[in-house]
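**Q** Generate coordinates for the sequence data below:
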Amino acid sequence: MTSDKNFWSDRYGDVPPLGFMLRAAFSDRWFRLHALPRSKRYAENNAERKIILDRANRIGEELFAEAGPIWLMFCRPNYDARDISFDSNSKLEEELNLHKLYDWVDMTEPPEDRVQWTILAKGTIWRTNTFDDLLLKVANDETSGITFVSQKTGEVFAPYDGGFDLILNDPPRVSAIATKFPDWSSERADGL
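**A** Below is the predicted model of the structure:
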């Protein structure tokens, strides 16, 4: 399937669907929301896990409810097998029924630091609570590199352990989201 790769590259060029890379490349359209109050990084109990899921699902509804189908994307780093176990990534790929789009390497890195990433995806629809297990794995730092993307608008929702990076259509949309979720955003000047 190349339509999803073309969809991605038409909107984001050679930048892979990784929150930290998108944040750097599209800083004027980037906005971060925190998963827990006071920028707490990890949940310690069920009440805090519920807050994370409630926030993630509200953001997903805000971005995708009216926008139709989405791409669920996963960026898997391909390290030397001696350095890292691929068991959890392989299980995740199988559970999510993802297909490979392409491989990507950051050629701006020195050769000894380059990592090849495999970009995988599938088309789906955002439904509240459908992705809760996956969102909790990200929140618990059990996996990373997950990105949800509207097929209609191209807006990105990239959860990480501690919050959610959003790449929105334009600066006015960033302002609208900031106004809608003021208590979830960073108090820092850089937005982190």
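**Q** which secondary element of the protein has the worst mean pLDDT?
**A** helix 87-96 (a mean of 68; mean pLDDT, DSSP states H and E).
**Q** Quick check: next helix or strand after it?
**A** Counting by DSSP states H and E, the element after helix 87-96 in chain order, helix or strand, is strand 99-105.
**Q** give me the number of residues near L92?
**A** Neighbourhood size, L92 [other CB atoms under 10 Å]: 19. C-betas here are computed from N, CA, C, even on glycine.
**Q** Numbering from 53 from now on, please.
**A** Done: numbering now begins at 53, and the last item shifts to L144.
**Q** any idea how far R101 is from it?
**A** Going from L144 to R101 by CB to CB, to the nearest Å gives 19 Å.
**Q** likewise A77?
**A** Plainly put, A77 is 31 Å away from R101 if you go by CB to CB.
**Q** now swap in W60 and tell me
**A** Look at W60 and R101: by CB to CB, they are 31 Å apart.
**Q** And K189, by the same measure?
**A** 12 Å.
**Q** low-scoring pLDDT stretches of the protein, where are they?
**A** By pLDDT under 70, the low-scoring segments of the chain are 53-57, 131-142, 240-244.
**Q** could you pull out the helices for this protein?
**A** 55-64, 71-77, 98-116, 139-148, 184-191, 223-232 (DSSP state H).
**Q** Same list, the ones you listed, but as a markdown table with distance to R128 please.
**A** A markdown table is the format used below for those (distance: least, CB to CB, whole Å):
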| stretch | distance to R128 |
| --- | --- |
| helix 55-64 | 15 |
| helix 71-77 | 14 |
| helix 98-116 | 21 |
| helix 139-148 | 5 |
| helix 184-191 | 14 |
| helix 223-232 | 28 |
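**Q** Let me know which of those helices is the nearest to I122.
**A** Relative to I122, the nearest member of the helices of the chain by CB to CB is helix 98-116, separated by 5.4 Å.
**Q** what's across from the residue nearest to W123 when sequence neighbours are not counted in the sheet?
**A** Of all residues not flanking W123 in the chain, V201 sits nearest, at 4.5 Å (CB to CB, 6 or more residues apart in numbering). Beta bridges link V201 to W123, V208 when assigned by DSSP bridges.
**Q** For burial, what's the neighbour tally of Q203?
**A** Q203 is flanked by 17 other residues according to other CB under 10 Å.
**Q** Contacts only, for it.
**A** Residues counted as contacts of Q203 (CB atoms under 8 Å, 6 or more residues apart in numbering) are F59, A119, G120, P121, I122, W123, G175.
**Q** swap the cut-off to 10 Å and go again
**A** Residues near Q203 by CB atoms under 10 Å, 6 or more residues apart in numbering: S55, D56, F59, F116, A119, G120, P121, I122, W123, G175, T176, I177.
**Q** Which of those ranks first by neighbour count?
**A** Going by other CB under 10 Å, I122 tops those with 25 neighbours.
**Q** does it really touch K204, like I thought?
**A** Yes: with contact defined as CB atoms under 10 Å, I122 reaches K204; the gap is 8.8 Å.
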